[in-house]
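K.L.:
below is the sequence, then the predicted model.
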Amino acid sequence: MAEHERWDVVLKVLDGPLASQGEQVVRGPVVRIGAQPGPGGVALPGYRGLDARQCVITAYSAASATVAPVGANQVRLAPHPNVDWSDIDPMPGPSALTPGCALHLGPVGRGATLAFVACRRLGVWERGRLASDVGAPPPTTGAPATPGAPVVPAAFEARRVRTISASTAPPWFLGCMFLMSVTATAAIVGSVMVYLLIKDVPPNGPIAEGLELHESVQLDDDEVVAGAHEGLQDPFYRFVMKPNITAARADNHGWDQPEAWDQRLFAYTAASVEKNVQSWAFFKRIDAVRVEYAHVVNELRRAGLPEVFAGIPYQESRYRSDYASEVCADGWWQFMPEVAHRLEGEGLDFRVANCLFKGRPDVRWTPNADAPPRGARRNGPYMDDGECILGICTPDDRKDLTKSTTAAIFTLREAWDDPVFARSGSAVQMTMTSHNAGYNDARFGSRYVKPLNVLPAYKKWLASAGQDQGRFFVGENIRCKTHSEQSTCKGAYMAETQHYAYTIIAQHLLAVCYYAQNYGEEAAFKPWRRYTRPGGYCSEFRIPDRGQVRARRGRK
């Protein structure tokens with residue numbers, strides 16, 4: 001008969017509304033912990049900054065227990081709870097647990113702190129049935145009645161707790177039970193009241209220099225849980241789903257309800273918000289490009305396009321006019337040179353011409369095609385052995401914010417107005433990804449056909465997924481772990497495009513908070529002040545003020 005010891009985990013929540021519960025024995029050997037960990041896990045409702053499954057503890061012996069973060073979630077480990085958690089870096093992977101050590105789950109200033117007490121052996125599993133060491137009485141004391149049965153000391157009977165039924169309980173016992181129930185109820189109510197008083201502790205905000213933008217986050221499939229990240233549901237609806245419903249020009253099919261959304265896209269957006277809000281570098285850059293961001297927002301509003309598209313040039317160039325990519329895209333919106341040729345033909349004042357090639361001072365080149373060739377990295381006339389050799393162009397309107405934004409509005413509208421996109425329920429995110437992967441270059445001729453352009457990729461995916469699944473397209477095709485992989489990872493997009501839309505949405509949601517809080521009197525940002533009021537989603541984060549940010553930028 002196969003037998004396997006089962007080791008349970010003893011934990012104690014040290015702060016927040018569950019601190020009064022004392023030690024808890026949780027069934028092992030695998031214990032999931034988070035806001036919504038699922039059956040058998042340790043649920044921590046009411047603690048801010050936690051994902052559905054924040055971490056996992058495994059225990060297979062008294063001396064062998066480990067904790068591991070789920071995906072990119074923050075988990076900090078210390079030998080005892082009396083530490084400054086801001087001095088401790090999040091764990092990059094699994095770590096061993098020792099009795100008495102402490103875990104902080106979530107960002108510093110939010111989340112929950114737990115003590116790992118011990119592993120406790122509950123008993124032996126026999127073909128799925130538990131023979132408990134202490135829970136069930138043995139048939140005899142002293143020598144075992146049957147071969148292999150455990151020898152139980154005579155003192156066992158003295159330690160057993162008899163079950164007392166109401167019919168045999170003395171009056172004093174029932175009175176004590178009543179008092180205990182009243183006390184327990186008071187303790188629960190008291191815990192809730194304490195939570196209501198302390199729940200406004202400083203929430204998540206910048207804690208390290210970080211990056212100007214984290215271009216991807218990693219999530220496991222079991223972290224994508226419907227109903228998680230409730231605090232971001234309102235802005236996700238306002239900036240993404242409401243425009244999607246408007247674009248469909250029909251009954252919303254219930255798309256205004258969170259359970260009908262692209263849950264993978266929403267979960268990745270929330271994780272990206274949590275990641276980027278920790279970076280001082282992000283807020284320093286957002287502050288530095290305030291004027292340019294406001295210009296793009298205003299132009300998008302005039303054009304009747306979703307203002308979340310203002311996050312595209314931040315994703316592309318961090319709002320830098322002189323940023324050039326390795327494949328010769330350039331300027332604020334990172335246009336390829338051929339786009340200028342096409343848009344000039346459409347009557348727009350947008351030119352790229354008389355370009356020098358690096359190392360070839362005698363060559364002058366002006367784009368003469370409507371789209372980059374297939375395999376532009378290899379076949380582009382401005383590429384040499386996989387490297388961009390395009391130098392200065394005169395003129396180069398990609399570096400002019402006004403002209404390049406006008407050009408971007410034109411190209412974005414081509415995708416936004418496509419009836420196939422509009423019917424999908426995901427027009428916002430598909431239009432975003434078209435700026436990265438291309439909308440549909442096949443319209444310019446057979447030599448420009450690109451299967452990974454958004455329109456052909458979407459139609460192919462829809463044929464296999466079902467005609468009513470359009471609003472899940474972008475999220476369901478996040479398959480690569482990071483944006484830098486040179487692969488599709490069996491998705492409809494290349495890795496860079498897979499991680500493109502949710503990063504833009506997340507960045508814009510944080511930019512809304514920063515600008516509304518610090519520059520809310522300016523016309524472009526005044527409509528966003530509603531999100532900074534009590535109960536608005538911006539109150540979920542510790543958004544820095546511009547004085548703090550400028551001090552870190554070295555400005556007075």
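P.N.:
Happy to help now that I have it. Residues are numbered from 1 along each chain as shown.

K.L.:
run a quick neighbour tally on residue 423.
P.N.:
Here the number of neighbours of residue 423 (other Cβ atoms under 10 Å) works out to 16. Backbone N, C-alpha and C define where each C-beta goes, glycine included.

K.L.:
may I have the secondary structure class of it?
P.N.:
Taken by DSSP: H, G, I helix; E, B strand; the rest coil, the conformation at residue 423 corresponds to helix.

K.L.:
for the closest residue in space to residue 477 that isn't next to it in sequence, give its distance to residue 472.
P.N.:
Closest residue in space to residue 477, ignoring its immediate chain neighbours: residue 491 at 4.0 Å, by Cβ to Cβ, 6 or more residues apart in numbering. From residue 491 over to residue 472 the distance is 13 Å, taken as Cβ to Cβ, to the nearest Å.

K.L.:
comparing these two, which residue is more hemmed in?
P.N.:
Counting neighbours by other Cβ under 10 Å for residue 491 and for residue 472 shows that residue 472 has the greater number, 21 against 18.

K.L.:
quick one on the thing from earlier: surely the residue nearest to residue 477 is in a strand?
P.N.:
No. Using three-state DSSP, the secondary structure at residue 491 is coil, not a strand.

K.L.:
wait, what's in contact with it?
P.N.:
Listed by Cβ atoms under 8 Å, 6 or more residues apart in numbering, the contact partners of residue 491 are 477, 478, 479, 480, 498.

K.L.:
please repeat the previous calculation with a cut-off of 6 Å.
P.N.:
When contacts are counted by Cβ atoms under 6 Å, 6 or more residues apart in numbering, residue 491 is found next to 477, 479, 498.

K.L.:
please apply the same query to residue 69.
P.N.:
55, 75, 91.

K.L.:
ok, those residues vs residue 522, which is closest?
P.N.:
Comparing the contacts of residue 69 against residue 522 with Cβ to Cβ picks out residue 75 as the nearest, at 39.7 Å.

K.L.:
who does the closest one bridge with?
P.N.:
Following DSSP bridges, residue 75 is listed with bridge partners residue 105.

K.L.:
give me the element residue 114 is part of.
P.N.:
Assigned by DSSP states H and E, residue 114 belongs to strand 112-126.

K.L.:
show me where pLDDT drops low in the stretch 101-250 of the chain?
P.N.:
Within the stretch 101-250 of the chain, the stretches falling below the threshold (pLDDT under 70) are 122-203, 221-229, 250.

K.L.:
rerun at 80
P.N.:
Applying pLDDT under 80 to the predicted model, the residue ranges of the stretch 101-250 of the chain that meet it are 121-204, 220-230, 250.

K.L.:
please apply the same query to the chain.
P.N.:
Low-confidence regions of the chain, defined here as pLDDT under 80, cover residues 1-6, 38-40, 60-64, 71, 121-204, 220-230, 250-253, 553-556.

K.L.:
can you report phi and psi for residue 441?
P.N.:
Residue 441 has phi and psi values of phi -70, psi -10 when expressed as degrees, to the nearest 10.

K.L.:
my read: it touches residue 451, true?
P.N.:
No. The criterion here is Cβ atoms under 6 Å, and residue 441 misses it with residue 451 at 10.5 Å.

K.L.:
can you pull out the strands in the stretch 351-500 of the chain?
P.N.:
Counting by DSSP state E, counting those that start in this stretch, the segments of the stretch 351-500 of the chain that form strands are 355-357, 360-365, 383-384, 387-388.

K.L.:
could those go into JSON lines alongside distance to residue 283 and mean neighbour count?
P.N.:
Below are the strands of the stretch 351-500 of the chain laid out as JSON lines (distance: least, Cβ to Cβ, whole Å; neighbours: other Cβ atoms under 10 Å):
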{"stretch": "strand 355-357", "distance to residue 283": "36", "mean neighbour count": "18"}
{"stretch": "strand 360-365", "distance to residue 283": "40", "mean neighbour count": "12"}
{"stretch": "strand 383-384", "distance to residue 283": "36", "mean neighbour count": "17"}
{"stretch": "strand 387-388", "distance to residue 283": "31", "mean neighbour count": "16"}
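
K.L.:
export those strands to JSON lines and tack on distance to residue 29?
P.N.:
As requested, those are arranged in JSON lines below (distance: least, Cβ to Cβ, whole Å):
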{"stretch": "strand 355-357", "distance to residue 29": "63"}
{"stretch": "strand 360-365", "distance to residue 29": "65"}
{"stretch": "strand 383-384", "distance to residue 29": "54"}
{"stretch": "strand 387-388", "distance to residue 29": "53"}
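
K.L.:
nearest to residue 467, of those strands?
P.N.:
Counting by Cβ to Cβ, residue 467 lies closest to strand 383-384 out of the strands of the stretch 351-500 of the chain; the figure is 39.3 Å.

K.L.:
quickly find the element holding the spatially most central residue of the chain.
P.N.:
In the chain, the C-alpha closest to the average C-alpha coordinate belongs to residue 271, at a distance of 1.6 Å (Cα atoms, centre = their mean). Using DSSP H and E, the element containing residue 271 is helix 263-276.

K.L.:
which residues sit in contact with the nearest residue to residue 365 once chain neighbours are set aside?
P.N.:
Leaving out its chain neighbours, the residue that sits closest to residue 365 by Cβ to Cβ, 6+ apart is residue 355, at 4.8 Å. Contacts of residue 355 were listed using Cβ under 6 Å, 6+ apart, and they are 365, 390, 393.

K.L.:
between residue 441 and residue 451, who's got more neighbours?
P.N.:
When residue 441 and residue 451 are compared for neighbours, residue 441 comes out ahead with 20 against 10, by other Cβ under 10 Å.

K.L.:
can you tell me how far that one sits from residue 454?
P.N.:
For residue 441, the distance to residue 454 - Cβ to Cβ - is 10 Å.
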